[in-house]
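> can't give you the sequence, but here's the structure:
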């Protein structure tokens, strides 16, 4: 994974659902931001990470053991109900959305997947080349090609204990909407 340097990325925000153990958040943050490459870090270009979970005791422990409180925050939050708290966090940091969202150690019963077709990745890479820029990191090593929705279905059913219960067709951008549930 390429490291993110705040000097190159303005206002990167990440949200980690089900992430009350701060060790993983801190390790992930340090992986994204390498200290030696990023000596100068203005507040407007700083990478911030928000970890949240339903378990208040785990969140309190994470807050107490957080070695990077200026960059990583932990709050008790139910993402299905407390959207105002998420918006408040974004407002505090002058950002309209999260740039990266992770769901860690989350027991899900249903998953709605919007699968982007492989041709979209190819087209985006082609546009970058026409602009004289290089492909996305790891573009040539992506293993899922062709029918992304079908390969995602095979993986979820074969390796994740989920089953497809409904296909809602495709969006106007030709992305299939698939609803899975845990077996």
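Yes, it's here. This structure is a prediction, so every number in the text was calculated from the model and none was measured.
> C-alpha from now on. contacts and neighbour counts both.
OK.
> beta partners of the residue nearest the centre of the chain?
Nearest to the centroid of the C-alpha atoms of the chain, with distances taken as Cα atoms, centre = their mean, sits residue 101, at 2.6 Å. Residue 101 has the following beta-bridge partners by DSSP bridges: residue 15.
> what's the spacing between it and residue 51?
As defined by Cα to Cα, to the nearest Å, residue 101 lies at a distance of 10 Å from residue 51.
> now residue 114
Residue 114 is 24 Å from residue 51, by Cα to Cα.
> these two: which is more packed in?
Taking neighbours as other Cα atoms under 10 Å, residue 114 and residue 51 compare with residue 51 leading, 28 against 16.
> report pLDDT for that one.
What the model reports as pLDDT for residue 51 is 86.
> now for the strand or helix carrying it, which elements pack on it?
Assessed by DSSP states H and E, residue 51 sits inside strand 48-53. Other helices and strands packing on strand 48-53, by 3 or more Cα pairs under 8 Å, 6 or more residues apart in numbering; DSSP states H and E, are strand 13-17, helix 22-32, strand 72-76.
> can you list those in a markdown table and add mean neighbour count, distance to residue 141 and mean pLDDT?
Below are the helices and strands packed on strand 48-53 laid out as a markdown table (neighbours: other Cα atoms under 10 Å; distance: least, Cα to Cα, whole Å; pLDDT from 0 to 100):
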| stretch | mean neighbour count | distance to residue 141 | mean pLDDT |
| --- | --- | --- | --- |
| strand 13-17 | 21 | 25 | 58 |
| helix 22-32 | 16 | 20 | 79 |
| strand 72-76 | 21 | 31 | 89 |
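> looking at those, which is closest to residue 94?
For those, the distance to residue 94 is smallest for strand 13-17, at 10.3 Å, taking Cα to Cα.
> name the nearest residue to residue 69, sequence neighbours excluded.
residue 63 (7.9 Å; Cα to Cα, 6 or more residues apart in numbering).
> look up phi and psi at that neighbour.
The phi/psi pair for residue 63 (degrees, to the nearest 10) reads phi -60, psi -40.
> these two touch, right, it and residue 70?
No. In this structure, residue 63 is not within contact of residue 70 by Cα atoms under 8 Å, at 11.5 Å.
> the more surrounded of those two?
residue 63 (20 against 11).
> before we move on, the earlier item: look up how far residue 50 lies from the residue nearest to the centre of the chain.
Taken as Cα to Cα, the span from residue 101 to residue 50 is 9 Å.
> try residue 153
30 Å.
> just residue 168 next, same as before
32 Å.
> can you list the weak-confidence ranges in the protein?
1-21, 34-45, 104-108 (pLDDT under 70).
> for it, what's the longest strand?
Longest strand in the chain by number of residues, with DSSP state E as the criterion: strand 162-170.
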